[in-house]
Every structure is written in C-alpha cells, then in structure tokens.
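model the following, please.
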Amino acid sequence: MAQIDELRFALDRTGVALIAGLVLIVGPTTILATAYVLTHGFDFASATIFELIVAVVASLLALVMIRAGGRELRGGLGVRVDEHGVHRGGLSIAWSEIEALAVPEFGVLDIVGAGKQLRLRTYLFCEPKRLTETVARRSGQPIPSL
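Residues are numbered from 1 along each chain as shown. All right, here's what the predicted structure looks like:
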C-alpha cells in the first residue's frame, strides 16, 4: 500500500481553477468585450481601419491566451504516475525508458525517453518537489536543477 501512496500526486485545485478561470474564461471574454466596445459592436460598414485592426488584434490575443492556458493545463491534467511509468493521454514513458530529466524553467519538468518527451507543469501539483524526486528516483536519473 505504501508503494501506491508514493505514486499518488494530487493536483492543486486552486491553481487549476485560477488558470482555467482567468486564462480561459475571464481574459478572453474581457479582451473580446473590449474589442466589441471599441469597434461599436463590429459595425463593419462604419468601422475605421484602426477599429478593424483593434478587433483583429484583440481576437488574436484572445486565441493566444486560450492556447497558452490550454498548454499550461495540459501539463498537469490527465497526468498519471504509476508503477510502470508516467502517462498523459496516449503518451507513456516507462521508468526504464527515461533517458533524461530537465527543468528548463521554474515549475516545469521535462521527461525524455524512447524518442518521446513529456512536459509536466509541476506547479499544478500539491507536492511538486516530491513529484520530481519520485520521478528521478524511479528513473535512476539525477534530480534536475533549474
């Protein structure tokens, strides 16, 4: 039973909720509402070039924000660590396949092996240090530092 508990990592629900709420809902909605107000309700017949540019830039900014939020959440949601390895969706890297661990930036753990790379956002977990240490110990790789 201790081995199973060692591999159980809970997500920080507050962090996930903040990212989902701010980056995926509030931010894009605010940006698009601002574009709507600035361009007088997207009245294209009477819109100036400046208003059209504002609408396009605001829409692109909202898409970039949604994409960035999705990328952040993907690094924590659906990640499973078990006795066989680390898994997310259809991507699995067995403990024996892990060739390298890296921390390219704060709160990120890259797991590389068997021609695959899995990027975990460790800050989305309640115990990010324990997660990193467990992956390093199970894979036989040194604990990476920033």
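
count the neighbours of Val23 for me.
Val23 has 19 neighbours, counted by other CB atoms under 10 Å. Heads up, the C-betas are built off the backbone N, CA and C, glycines and all.

what about the closest residue to it other than its chain neighbours, helix or strand, and which?
Using CB to CB, 6 or more residues apart in numbering and skipping the chain neighbours, the partner closest in space to Val23 is Gly69 (3.2 Å). In the assignment (DSSP states H and E), Gly69 maps to helix 49-74.

show me what that helix is packed against.
In terms of contacts (3 or more CB pairs under 8 Å, 6 or more residues apart in numbering; DSSP states H and E), helix 49-74 is packed against helix 27-38.

ok, and what's touching the helix it packs on?
Here helix 27-38 makes contact (CB atoms under 8 Å, 6 or more residues apart in numbering) with Phe42, Glu51, Val54, Ala55, Ala58, Ser59, Leu61, Ala62, Leu63, Met65, Ile66, Gly69.

quick one: mean pLDDT for stretch 77-88?
Averaging pLDDT along stretch 77-88 yields 90.

pull up the distance across it, start to finish.
End-to-end span of stretch 77-88 (CA to CA, to the nearest Å): 8 Å.

and it, what's buried?
Leu77, Val79, Val81, Gly85, Val86, His87, Arg88 (16 or more other CB atoms under 10 Å).
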